[in-house]
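In: model the structure of this input:
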Amino acid sequence: MGSVLWNGSVFLPYAKSINQDIRLFGAHHNDGVNNIALIKSLQYSLPPMDPNYSGRVIKNYHYFINLILAAIQKVTQIDPFILYFGIAPTVMIIILSILVYFFVLTQAGKLPAVLAILFVNFLGNYYYLGPLLGSVNLHPSIAWMDEYSTRLVNYQLLSSYILLMVLLLFLIRRRPAVLVGLISGLLMGFKVYAWILWELGLLAFSWRNKYFFRAFLWSVLFSLPVGWLLYQPGGQATFIFKPLWIIKSMYESPDRFNLVAWELARQTYLSIRNYLGIFKLYFQGVVAFLIINFGPRLLGFFAPKNYLLKILTFLGIILPLLLAQSGSSWNVIQFSYYSVFFLSLLLAISLSRFPRLVVVLFILISLPSALYINSQYLNPPYTVSYSRGFVQALDTLARLPQGTVLSHPSYSTNAVVSALSSKPVFIAESMILTSSSIDTRPRQQFRDKFFSGMTLQPKDFLSENNISYIISPQYIDISKYMLLPIFQNSEVIIYSTQ
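Out: Residues are numbered from 1 along each chain as shown. Take a look at the predicted model:
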């Protein structure tokens, strides 16, 4: 329960009925609402239709946890915001904590098992050391990664931790290789980055252990239908060999270190062919990356045995340093989340090798980041709010027959219209769509032109795009299109195109 109460600061304040005013902060505004919209879409079709881009089937995305939540929500009719921001993360944290406890218990005893739960659930990174390492900015993701908050807002990541723990326990107890292979194949549908790491780890051990080899072959076999369902050739999950790009961008990016002097020094060294100077710059960058994101957790590499965990951890660190991902280069950092998780386990297992004072110091220096994040979500510096009138309009829209919605740009910054109306939107949440290599500009231009009253043949535009409903603020005048209002209050008006 301690883990739930501590981690709950990030999600429980937002587990409110949609009959109330909705206020969201941070990743909940984009990722959270988008996942709720995907849950609603999965209740109508599999594969799901894109809630942000009507007519498009979602491919190249791991949505199995959304599928489970969609089934639960459809059967129970639980308020989706209470399910997503309350029940789901609470249950997953409890399950993960139990699995972590039993895994470490088999390795090192009760005290390390309890501390492993503490390390996994309560501790953050070391972003506050950023200024000492050259960063101009100061926030938990200055070195690209904030595993603590990401785990609590990204249920694909959290659910993949659970499956990985099940797999590790099954390997220890030598459960049938076919069962390990089945869960390994399903892992692809929960988080493809976890699946890639796991497959590489199994492959690395296959040459020396027949059991691992059989598990690997079964996992490949079970992965094929999952891959066929979820992914398509040439999709966004294409990796490019681009060594240390993440270090360079860490220094360059305005929202990371934002250290212009580093890039100027690099260019100067390049112009005079001072390769030793370039090596030093990148070496310092790698050290800063490791210190901020992992810190004392790296001592977990000294844990006895657990070679598979160590290989998985090493791969999770090295892959983002060597690769970039097409579409959104930074997505490759998701490999490193697993290294933070595995190192927390390894460090707990290796506790007997360190004095207790070292353990206490590790806990103390790892708390500030988590405390800061908890305080941000408990008392957010800002929120994105949706009034009761707006929510009422979408609730009305949800009770109407299925059809595509054209929403005003002010309602299209995330997937809230789709999430609350259970209907696909013509165009919304351009950031997520762009990361999927979708050119959103044509639809955005059509939409903006329509709401500005400049569409010359509106009926043709609406018919060609199968748009059934239009939702707009009251202050937008599109009366010239002679549309039929079917709902309105002081804030919002909904039109039918039929």
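In: and the next helix or strand past the helix or strand containing L202?
Out: Using DSSP states H and E, L202 sits in helix 192-206. Next in sequence after helix 192-206, counting helices and strands by DSSP H and E, comes helix 210-230.
In: what pairs with the helix or strand following that next one, parallel or antiparallel?
Out: Downstream of helix 210-230, the next assigned helix or strand under DSSP H and E is strand 239-241. Here strand 239-241 has these sheet partners by DSSP bridges: strand 323-325 (antiparallel).
In: what about the strand it pairs with, distance to the chain center?
Out: Distance, stretch centre to chain centre, for strand 323-325: 17 Å (C-alpha atoms, centre = their mean, to the nearest Å).
In: right, and S184 touches L217 too?
Out: No. At 10.5 Å, S184 does not count as touching L217 under the criterion of C-beta atoms under 8 Å. C-beta: built from backbone N, CA, C; applies to glycine.
In: looking at these two, which one has more neighbours?
Out: S184 (28 against 15; other C-beta atoms under 10 Å).
In: what's the helix or strand for the more buried one?
Out: Element membership of S184 [criterion: DSSP H and E] is helix 177-190.
In: please apply the same query to Q107.
Out: Assigned by DSSP H and E, Q107 falls within helix 88-108.
In: quick one: list the elements packing against that helix.
Out: In terms of contacts (3 or more C-beta pairs under 8 Å, 6 or more residues apart in numbering; DSSP states H and E), helix 88-108 is packed against helix 2-11, helix 110-122, helix 155-172, helix 334-349.
In: most tightly surrounded among these?
Out: helix 334-349 (a mean of 26; mean count of other C-beta atoms under 10 Å).
In: now for that helix, which elements pack on it?
Out: Contacts defined by 3+ C-beta pairs under 8 Å, 6+ apart place helix 334-349 against helix 88-108, helix 110-122, helix 147-153, helix 155-172, helix 192-206, helix 307-322.
In: 7 Å - rerun?
Out: Secondary-structure packing of helix 334-349 (3 or more C-beta pairs under 7 Å, 6 or more residues apart in numbering; DSSP states H and E): helix 88-108, helix 110-122, helix 147-153, helix 192-206, helix 307-322.
In: contacts for that helix next, please.
Out: Applying C-beta atoms under 7 Å, 6 or more residues apart in numbering, the contact partners of helix 334-349 are 100, 103-104, 107-108, 112, 115-116, 119-120, 145, 147, 150, 157, 161, 193-194, 197, 293-294, 297-301, 303, 306, 309, 312-313, 316-317, 319-320.
In: could you point out which element follows that helix?
Out: Immediately after helix 334-349, counting by DSSP H and E, sits helix 356-378.
In: what about the next helix or strand after that next one, average pLDDT?
Out: Next along the chain after helix 356-378, taking DSSP H and E as the criterion, comes strand 384-386. If you average the pLDDT over strand 384-386, you get 82.
In: circling back: could the helices and strands packed on helix 334-349 be laid out in JSON lines, adding distance to H139 and mean pLDDT?
Out: What follows is the helices and strands packed on helix 334-349, written out as JSON lines (distance: least, C-beta to C-beta, whole Å; pLDDT from 0 to 100):
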{"stretch": "helix 88-108", "distance to H139": "22", "mean pLDDT": "95"}
{"stretch": "helix 110-122", "distance to H139": "20", "mean pLDDT": "93"}
{"stretch": "helix 147-153", "distance to H139": "11", "mean pLDDT": "94"}
{"stretch": "helix 192-206", "distance to H139": "23", "mean pLDDT": "94"}
{"stretch": "helix 307-322", "distance to H139": "19", "mean pLDDT": "96"}
